[in-house]
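Novice: Make a model of this:
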Amino acid sequence: MKRTDFTFELPAELIAQEPLAERSASRLLEVNAGLESVAHRAFRDLPSLLSPNDLLVFNNTRVLPARLFAQKQTGGKVEILFERVLGDGSALAHVRASKSPKEGTLLLVTPDDQSDVSEFTLRVTGRKGDLFALSPESGSLKEMMQCFGHIPLPPYIDREDTHEDRDRYQTVYARREGAVAAPTAGLHFDPPLLNALDALGVRRTELTLHVGAGTFQPVRADNLEDHVMHREYVDVDQTCCDAVNACRDRGGRVIAVGTTAVRSLESAACQSEQGVLAPFEGDTDIFLYPGCRFHVVDAMITNFHLSESTLLMLVSAFAGVETIRRAYAAAIENRYRFFSYGDAMFLTKSEFAA
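Specialist: Numbering: from 1, shown residues only. As a prediction, this is how the structure comes out:
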């Protein structure tokens, strides 16, 4: 298929710029693959779509305040977005400057792009593709981010981050630090909703995928087969696998909360013979687009995605291209809120994705 098969026009006013006052007050578009109709619900009505045998799989990654400002010793302004913190305390990062810093350059970290006050220093130690390798000369990366870091809001949110974003651009169950973008389907869950799901008897399990900035990169190849995916860290442990297998044994559905949970589960299944889920820890660059099969996931909860994005291609592979086109048209007609701080969909798997 072509990239342009996944193009749609979205009125700019439908791009959510702020979160709603209550997480679970967002809207939920119920979409059954292959059916002509959709149902309009509130997200807090999710328990009515589930049964006690079902399993919800959450991504427990936690977003880092990974956007920092700095300046070179020459005074040149620099913007840094950490992509991945490494085990030795260094990091790989996107660096934006009028002139790319050379190896050995010192970057003086500042509170914002207007300040020249610095308590922390980073050294450029090399390059890895488009990313810069950075090591702290004074202080630690964690200290830098805690003191001066900004929440890296997506580029389509046209404002600076606020203190509120430190809470709201984070799921209530986030615990493993490492992401630079939120697994946004999880933003709709709040403690009352989780309690309601527990009372119903719906099971829960967790995995980790540290979402990278690559999630916002556009697909540039005309043919989908030519697209090269970014790599992200995944950890699907034995506890998660056991929960999925137990769900299968009792006849329940495995429901992924977000495309990151889908990609994690399907990545783990692809590592084993015959698509059987087994523990997996490592990097994934799995690209799921129409024609791909889904071995683990039966249904998913997801936000609305950008035109021509890999995530729009994923949900189209899962529920069917025409089903998603109709669903997006219905969402636009009914003034749903789009993207990270927007509304959500509940999707069931197409027979062609099984």
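Novice: so where do the helices sit in this structure?
Specialist: Counting by DSSP state H, one finds helices in the chain at the ranges 141-148, 163-168, 191-200, 238-249, 259-270, 310-319, 321-333.
Novice: if we compare those helices, which one ends up closest to T125?
Specialist: With C-beta to C-beta as the measure, helix 141-148 is the member of the helices of the chain nearest T125 (13.2 Å). For glycine as for every other residue, the C-beta is placed from the backbone atoms N, C-alpha and C.
Novice: Can you list the neighbours in contact with the closest one?
Specialist: Residues from elsewhere that reach helix 141-148 (C-beta atoms under 8 Å, 6 or more residues apart in numbering): 64-66, 68-69, 82, 85, 89-91, 109-111, 119-120, 122, 136.
Novice: Where strands are concerned, which of these count?
Specialist: The strands, defined by DSSP state E, take in 68-69, 82, 85, 91, 109-110, 120, 122, 136 from the contacts of helix 141-148.
Novice: what two of those residues are the furthest from one another?
Specialist: Pairwise distances across these (C-beta to C-beta) peak at 20.0 Å, for the pair V85 and T110.
Novice: Filter the contacts of helix 141-148 down to just the buried residues.
Specialist: The neighbour count (16 or more other C-beta atoms under 10 Å) marks 64-66, 68-69, 82, 85, 90-91, 109-110, 120, 122, 136 as buried among the contacts of helix 141-148.
Novice: Adding distance to L265 and pLDDT, write these out as a markdown table.
Specialist: Formatted as a markdown table, the buried ones among the contacts of helix 141-148 follow (distance: C-beta to C-beta, whole Å; pLDDT from 0 to 100):
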| residue | distance to L265 | pLDDT |
| --- | --- | --- |
| L64 | 24 | 96 |
| P65 | 28 | 96 |
| A66 | 25 | 96 |
| L68 | 33 | 95 |
| F69 | 37 | 94 |
| F82 | 26 | 95 |
| V85 | 24 | 90 |
| S90 | 30 | 94 |
| A91 | 28 | 95 |
| V109 | 37 | 91 |
| T110 | 41 | 85 |
| F120 | 38 | 90 |
| L122 | 36 | 95 |
| P136 | 35 | 95 |
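Novice: Show me the residue at the heart of this structure, geometrically.
Specialist: The centre of the chain sits closest to P183, judged by C-alpha atoms, centre = their mean, with a distance of 3.6 Å.
Novice: Provide a list of residues in contact with it.
Specialist: P183 makes contact with 59, 61, 171, 209, 211, 257-258, 260-261 under the criterion C-beta under 8 Å, 6+ apart.
Novice: Closest one of those to E9?
Specialist: Taking C-beta to C-beta as the measure, E9 lies nearest G258 of the contacts of P183, at 24.9 Å.
Novice: gap between the nearest residue to P136 once chain neighbours are set aside and G129?
Specialist: Excluding the flanking residues, the one nearest P136 by C-beta to C-beta, 6 or more residues apart in numbering is L122, at 5.9 Å. Remark: distance between L122 and G129 (C-beta to C-beta, to the nearest Å) = 19 Å.
Novice: if we can go back for a sec, mind telling me which of the helices of the chain the model trusts least?
Specialist: Here these differ in mean pLDDT, and the lowest is helix 141-148 at a mean of 91.
Novice: rewinding a little: how close does the residue nearest to P136 sit to S37?
Specialist: 54 Å.
Novice: quick one, what contacts the closest residue to A181 other than its chain neighbours?
Specialist: Nearest residue to A181, sequence neighbours excluded (C-beta to C-beta, 6+ apart): V211, at 4.3 Å. Residues near V211 by C-beta under 8 Å, 6+ apart: 59, 61, 63, 179-183, 232, 260.
Novice: Neighbour-wise, which one of these leads?
Specialist: When neighbours are taken as other C-beta atoms under 10 Å, the top entry among those is T61 (31 neighbours).
Novice: give me every residue that touches it.
Specialist: 174, 176-179, 183, 208-211, 260.
Novice: now do Y328
Specialist: Applying C-beta under 8 Å, 6+ apart, the residues contacting Y328 are 8, 304.
Novice: Quantify the burial of L265 by counting its neighbouring residues.
Specialist: By other C-beta under 10 Å, 26 other residues sit near L265.
Novice: Just the pLDDT at the closest residue to P65 other than its chain neighbours, thanks.
Specialist: Once flanking residues are discounted, P65 sits nearest to G149: 3.0 Å by C-beta to C-beta, 6+ apart. G149 carries a pLDDT value of 94.
Novice: Check T121 too.
Specialist: 93.
Novice: I'd guessed it sits against L108; true?
Specialist: Yes. With contact defined as C-beta atoms under 8 Å, T121 counts as touching L108 (5.7 Å).
Novice: Show me which of those two is the more surrounded one.
Specialist: The neighbour count for T121 versus L108, taken as other C-beta under 10 Å, is higher for L108 (20 against 17).
Novice: Help me confirm that M345 comes into contact with H305.
Specialist: No. M345 is beyond contact range of H305, at 9.6 Å (criterion: C-beta under 8 Å).
Novice: Show me the common contact partners of those two, please.
Specialist: Going by C-beta under 8 Å, 6+ apart, residues that sit against M345 and also against H305 are V315.
Novice: So what are the structural domains in the protein, by residue number?
Specialist: For the chain, the structural domains run 3-63+167-353, 67-148, going by automatic domain parsing.
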